[in-house]
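Asker: Mind folding the following:
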Amino acid sequence: MIEKLNLNNILFLDIETVPETANFNTLDEEMQALYEQKTQYQRKDDFSAEEFYDRAGIWAEFGKIVCISVGFFVIKGDIRNFRVTSFFGEEAKLLKDFNNLLNNHFNGSQHLICGHNAKEFDIPFLARRMIINQIPIPSKLNLFGKKPWEIPHLDTLELWKFGDYKHYTSLKLMCKVLGIPSPKGDIDGSQVGHVFYVEKDIDRIVTYCEKDTIAVAQIFLRLRQEELLIEEEIIHV
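Answerer: Here you go, the predicted structure:
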């Protein structure tokens with residue numbers, strides 16, 4: 001029962017990813033061939049591998065993380081705050097900083113990680129990119145040898161499925177039907193690569209990522225039948 005979980009013990013998160021290089025031609029020949037093979041099913045005959053490269057950020061082998069936003073509740077008596085912060089910039093550094101956060105502040109048996117479709121995307125992507133960057137995987141992300149009930153992850157998409165594994169609902173749609181203000185600003189996920197490489201506007205990406213993290217927390221509150229956060233309760237640090 002999620003109603004019995006202590007909100008203070010949950011770290012909410014969202015990540016933003018982009019293709020690892022600015023364009024397909026900057027990959028070496030072997031990586032170009034491997035990307036062509038990897039994406040053959042998705043592309044079919046509609047696009048060449050080069051034309052499809054703007055979607056490379058969805059695969060950890062061909063993408064990289066440019067922002068990790070996290071949020072956590074601080075509840076003391078009847079005072080409730082939700083603190084949001086982000087790690088962004090050079091990938092190895094932001095992964096190490098996020099690693100340190102987990103190891104130093106969210107490493108207890110009571111601590112949980114929560115995202116939207118995080119079990120399918122964010123958490124595996126984080127773990128894979130840590131391995132690629134030769135960074136030790138923190139225990140909260142390392143699932144090897146753990147039984148299903150020992151995995152410290154919550155997923156608002158999974159909670160919304162209620163056992164219906166063929167069902168997918170976007171974060172934006174969940175916010176709409178649950179009466180939560182839309183987290184989306186002036187960009188969407190498909191535009192993050194362009195904003196990063198062409199506009200070079202990381203602040204815009206950070207804002208977008210933090211809005212999604214707040215939205216995940218709002219959905220979680222709604223699933224618990226609790227009052228949504230108001231603007232005054234959200235603190236950016």
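
Asker: Give me the contact list for the lowest-mean-pLDDT helix or strand in the chain.
Answerer: Least confident helix or strand of the chain, by mean pLDDT, DSSP states H and E, is helix 40-43 with a mean of 89. With contacts defined as CB atoms under 8 Å, 6 or more residues apart in numbering, helix 40-43 is touched by 49, 52, 55. Any C-beta I mention is one placed from the backbone N, CA and C, and that applies to glycine too.

Asker: ok, so of those, who is nearest residue 181?
Answerer: Using CB to CB, residue 55 comes nearest to residue 181 of the contacts of helix 40-43, at 28.4 Å.

Asker: Name all residues that make contact with that closest one.
Answerer: By CB under 8 Å, 6+ apart, the neighbours of residue 55 are 19, 39, 42, 190.

Asker: Tell me which residues touch the first one, please.
Answerer: In other words, residue 19. Counting by CB under 8 Å, 6+ apart, residue 19 has contacts 53, 54, 55, 56, 57, 62, 63, 64, 193, 197.

Asker: change it to 7 Å
Answerer: By CB atoms under 7 Å, 6 or more residues apart in numbering, the contact list for residue 19 reads 53, 54, 56, 57, 62, 63, 193.

Asker: Among those residues, which are located in strands?
Answerer: With strands taken from DSSP state E, the overlap with the contacts of residue 19 comprises residue 63.

Asker: What is the nearest of the contacts of residue 19 to residue 150?
Answerer: residue 63 (28.8 Å).

Asker: What is the neighbour count of the closest residue to that closest one other than its chain neighbours?
Answerer: Excluding the flanking residues, the one nearest residue 63 by CB to CB, 6 or more residues apart in numbering is residue 57, at 3.8 Å. When neighbours are defined as other CB atoms under 10 Å, residue 57 has 23 of them.
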